[in-house]
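# here is a sequence together with a model predicted from it:
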Amino acid sequence: MREYWGYEEFRPLQERAMLAGISGRDSLVVLPTGGGKSLCYQVPALCLEGMAVVISPLISLMKDQVDALRACGVSAAFINSSLSPDEKRDVAADIREQRLKLLYVAPERLSLQGLLDLLGNVQLSFFAIDEAHCVSMWGHDFRPHYRQLNILKQQFPEVAVHGYTATATEPVRDDVVRQLGLHDAEVLVGSFDRPNLTYRVERRDNLMGQIAGVIERHKDESGIIYCITRKEVDTICGALSGAGYSALPYHAGMQDEARKENQEAFIEDRCQIIVATVAFGMGIDKPDVRYVIHAGLPKSLENYQQESGRAGRDGLEAECCLFYSGSDFKTWEFIVNKSEGSPEFKAAQMSSLRMVMDYCDAVACRHRMLISHFGQELEADCGEACDICLGEFDEVDDPLVTAQKILSSVYRQDQRFGADYTAKVLKGSKDQRIVENGHDQLSTHGLLKEQSRQTILGWIGQLIQQGFLAKVGEYGTLQITETGWQLLKGEGIPRLLKASSTPSTESSRSASSKAKAHDPHSMEGVDHDLYEVLRKLRTEKATDLGLAPYMVFGDATLRDMARSRPTSEEGFLHVHGIGQKKCEDYAEEFTSLIMEHCREHEIETNVDLPPAEQLRRMALAAKSDRPKGPTASAMASFALFEAGKSLEEVAEEMGRATSTVSGYFAEYLKQRQITDPIRWVDASLIAKIEAAIAEVGPDRLRPIREHLGESVDYETIRIVATCWQNRHDSDEPPVSPSPLGGEGQPSSGAPKAG
């Protein structure tokens with residue numbers, strides 16, 4: 001983790017998840033979005049021999065993950081429909097030659113026997129299934145092809161399978177383990193709480209003004225706006241663009257290429273705001289989203305947890321705002337009824353929507369409400385990371401009297417009308433329907449006329465959420481519950497809140513600053529001007545390299561850099577999130593910029609860099625520069641090769657794939673510095689291969705094989721190329737091993753490669 005990613009500490013449950021990955025035991029890991037799930041399988045992949053296969057749902061996510069891994073110096077690739085036939089052949093060659101540590105594929109591709117056969121001939125470390133909740137039809141994003149991944153245990157019974165997801169209730173977790181056929185799986189469930197996120201919920205009123213208010217709190221920062229329908233996406237995006245904001249749409253009604261272009265523009269910071277349906281997001285690995293707005297009711301609390309969780313994945317403060325209306329419930333009800341699925345499944349979806357309404361109308365800590373849905377509890381309210389705890393609502397002075405007024409109106413309306421109608425009666429509306437029903441003559445008509453209709457609707461929702469009222473039937477008719485009748489008699493006290501008339505200065509912040517004390521995420525000690533200069537350089541480097549800016553450095557890394565202001569490679573390596581490869585790639589340019597900025601503004605450099613940490617980092621850098629020796633397994637094969645066994649015989653004896661043993665054999669040739677391959681390859685073929693090497697070079701086997709017309713297998717080419725390289729490194733005449741392991745004359749009876 002330190003060498004490749006520059007991280008000094010594990011996030012909660014990361015270490016246990018990684019150890020599960022290394023142990024070879026099946027596992028299911030549930031960590032919140034931003035909890036570092038990817039590292040839970042990427043790190044073990046580097047610790048184990050062989051290649052890890054990662055099943056990922058979206059092409060964009062695969063590309064981003066692979067680009068980010070390569071930027072850290074990790075050998076990774078993906079196979080999907082975006083690759084040309086030649087590119088697919090190159091990846092297949094890399095797989096056969098065991099050059100990859102991680103391979104990303106879509107679940108659909110694992111139904112192709114060709115890929116399964118290819119994987120069956122190489123050493124695999126494990127399978128990692130990202131977004132594993134998609135396996136379960138009770139999850140919030142079920143995908144049929146995920147259901148077929150039980151083939152992995154059938155085809156590769158000895159290879160461990162690990163599932164990773166951000167949102168899964170206990171029934172979903174049980175279903176995933178069962179459907180994948182996991183054996184004695186270790187199930188690790190982290191806290192679903194995201195303390196760096198500030199949650200706010202408001203009834204929709206002047207939606208564009210509400211959205212603009214959030215955006216203005218996050219000028220020049222990335223944000224996502226979710227809408228229920230495509231029409232709403234186009235309307236809101238058009239309004240924002242017309243107001244001068246950098247916004248682009250994303251929904252299933254657009255052409256694939258247009259969606260892809262807009263998504264890439266957002267990821268690469270060429271667009272600040274993406275306005276989208278829920279079709280957007282699963283494949284987004286962008287860590288620096290500073291706000292997520294829901295312009296309507298989310299489909300379920302699982303969906304809301306995942307969608308809002310796309311904010312602040314870097315651990316920095318972010319804001320999540322939900323603007324809703326009772327009409328959203330009707331919109332979703334129409335969509336659900338129109339969709340495919342059993343009556344039981346549709347009923348479950350409607351139940352999920354009612355839970356979202358309960359969350360919206362709650363008068364308790366938002367963080368506590370969210371994680372309680374997943375069977376967890378907070379020790380205390382969040383304190384300052386939601387609208388309720390921030391004091392953005394005032395307690396109603398006499399909640400019992402106010403509640404009794406509302407319940408009385410419901411009673412006098414014969415419990416035959418919904419919330420919106422009841423709010424109008426209490427507000428004193430002369431709406432034609434109210435007049436026709438004679439409800440303008442009720443004693444409760446206008447009883448709350450000094451309040452806004454939105455406030456009254458909020459109170460009705462709060463009474464429903466607290467169990468004093470219930471919505472029943474197809475039209476959501478209000479009925480008084482048993483506890484509601486008791487409340488009418490004065491038994492009990494409800495809690496009613498309304499928007500604060502004097503918002504606290506605390507609530508005006510864009511998000512929680514609890515992270516302030518937690519380096520490196522806080523802005524404490526950060527030189528803001530330098531931070532902006534570093535952001536600009538990051539964007540330039542990302543553009544030059546064709547990467548998303550966060551793949552160069554995340555915001556937390558830039559903050560730490562602008563705080564410690566290193567001017568040497570040693571200091572640069574000490575910055576949070578900088579591993580060896582990124583230090584080699586970027587230290588010179590970034591430290592030069594830091595020196596120039598600090599000299600110009602007379603600012604101290606190399607702030608608080610511990611000498612001991614410098615020495616440790618220098619030692620790490622020196623260690624990573626040293627060539628790595630053969631593994632223990634490779635060493636165990638050397639005696640077998642010296643005993644004259646063929647690759648197939650060694651593979652069978654060691655229980656390894658032939659291609660893996662071929663790699664061991666190359667290590668053997670290097671370790672023994674053997675320069676003549678005559679013992680394993682015919683002299684005429686050696687001459688032919690060496691002629692090809694002279695033309696195209698020894699570094700990669702595929703160009704050599706193509707030069708030979710693909711008539712020679714990779715193992716034979718690898719033997720000759722390794723001996724050729726040994727000879728040219730030592731500038732000595734060809735030397736071949738004796739059958740007993742010493743140097744001597746070739747043995748005509750030795751087995752040939754392959």
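Now that the structure is in, tell me what you want to look at. All of these numbers come straight from a predicted model, not from anything done at the bench.

# so how many other residues sit close to Q671?
Residues lying near Q671 (other CB atoms under 10 Å) number 13. C-beta here means a position set from N, CA and C on the backbone, and glycine is covered the same way.

# can you tell me how far it is from M635?
8 Å (CB to CB, to the nearest Å).

# same check on V696?
Distance from V696 to M635, by CB to CB: 31 Å.

# now I434
Counting by CB to CB, the gap from I434 to M635 is 87 Å.

# then Q673?
The separation that Q673 has from M635, given CB to CB, amounts to 16 Å.

# hang on, A17 packs against C40?
Yes - if you go by CB atoms under 8 Å, A17 and C40 touch, sitting 3.9 Å apart.

# which regions of the stretch 101-250 of the chain lie under the pLDDT threshold?
138-141 (pLDDT under 70).

# all strands for it, in order.
All strands of the stretch 101-250 of the chain, identified by DSSP state E, counting those that start in this stretch, fall at 102-105, 124-130, 161-165, 186-189, 197-203, 222-226, 247-250.

# check the stretch 251-400 of the chain too.
Counting by DSSP E, counting those that start in this stretch, the stretch 251-400 of the chain has strands at residues 273-276, 289-294, 318-324, 393-395.

# so what strands line up beside the third one?
This means strand 318-324. Strand pairing for strand 318-324, determined by DSSP bridges: strand 197-203 (parallel), strand 289-294 (parallel).

# so which of the ones you listed comes closest to F156?
Judged by CB to CB, the one of those that comes nearest to F156 is strand 289-294, at 36.5 Å.

# could you give the angle of that closest one to strand 222-226?
Here the directions of strand 289-294 and strand 222-226 differ by 10 degrees (axes from the mean of the first three to the mean of the last three CA atoms, to 10 degrees).

# circling back: between the strands of the stretch 251-400 of the chain, which gets nearest to S711?
Across these, S711 has its closest neighbour in strand 273-276 (51.2 Å, CB to CB).

# using PDB, write out every CA atom in that closest one.
Provided in PDB are the C-alpha atoms of strand 273-276 (Å, rounded to 0.1, in the frame of the first residue of the first chain):
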ATOM      1  CA  ILE A 273     -22.000  19.500 -13.100                       C
ATOM      2  CA  ILE A 274     -23.600  16.300 -14.500                       C
ATOM      3  CA  VAL A 275     -27.500  16.200 -14.400                       C
ATOM      4  CA  ALA A 276     -28.600  12.600 -14.700                       C
END
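
# and that strand, what does it pack onto?
Counting contacts by 3 or more CB pairs under 8 Å, 6 or more residues apart in numbering; DSSP states H and E, strand 273-276 packs against strand 222-226, helix 230-242, strand 247-250, helix 256-267.

# who's in contact with it?
Residues from elsewhere that reach strand 273-276 (CB atoms under 8 Å, 6 or more residues apart in numbering): 215, 222-227, 233, 236-237, 240, 245-251, 262-263, 266, 280.

# what of stretch 578-586?
Defining contact as CB under 8 Å, 6+ apart, one finds that stretch 578-586 is touched by 2-6, 71-73, 541, 552-553, 557, 569, 572-573, 620-621, 624.

# so which bits of that stretch are buried?
Within stretch 578-586, the residues scored as buried using 16 or more other CB atoms under 10 Å are 578-583, 585-586.

# could you dump the strands of the stretch 251-400 of the chain into JSON lines with mean pLDDT, distance to M561 and mean neighbour count added?
Shown next, in JSON lines, are those (pLDDT from 0 to 100; distance: least, CB to CB, whole Å; neighbours: other CB atoms under 10 Å):
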{"stretch": "strand 273-276", "mean pLDDT": "95", "distance to M561": "27", "mean neighbour count": "27"}
{"stretch": "strand 289-294", "mean pLDDT": "96", "distance to M561": "19", "mean neighbour count": "24"}
{"stretch": "strand 318-324", "mean pLDDT": "96", "distance to M561": "20", "mean neighbour count": "25"}
{"stretch": "strand 393-395", "mean pLDDT": "87", "distance to M561": "39", "mean neighbour count": "14"}
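
# mind giving me CSV with these and columns for distance to R310?
Below are these laid out as CSV (distance: least, CB to CB, whole Å):
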stretch, distance to R310
strand 273-276, 10
strand 289-294, 6
strand 318-324, 9
strand 393-395, 26
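
# now for those strands, which one comes closest to G418?
Nearest of the strands of the stretch 251-400 of the chain (CB to CB): strand 318-324, 15.7 Å.

# rewinding a little: S342: which of the strands of the stretch 101-250 of the chain is closest?
If we rank those by CB to CB, the stretch that ends up nearest is strand 161-165, at 23.6 Å.

# run through the neighbouring helices and strands of that closest one.
Here strand 161-165 touches strand 27-30, helix 37-47, strand 124-130, helix 170-180, going by 3+ CB pairs under 8 Å, 6+ apart.

# next helix or strand past the one helix or strand W485 maps to?
Taking DSSP states H and E as the criterion, the element that holds W485 is helix 482-488. Following helix 482-488 in sequence order, the next helix or strand is strand 497-499 (DSSP H and E).

# roughly how far out does that next one sit from the chain middle?
How far strand 497-499 lies from its chain's middle: 35 Å, per CA atoms, centre = their mean, to the nearest Å.

# so what's the most centrally placed residue in the chain closest to, chain neighbours aside?
For the chain, the residue nearest the mean C-alpha position is D285 (5.1 Å; CA atoms, centre = their mean). Leaving aside its chain neighbours, D285 sits nearest to D64 (4.5 Å; criterion: CB to CB, 6 or more residues apart in numbering).
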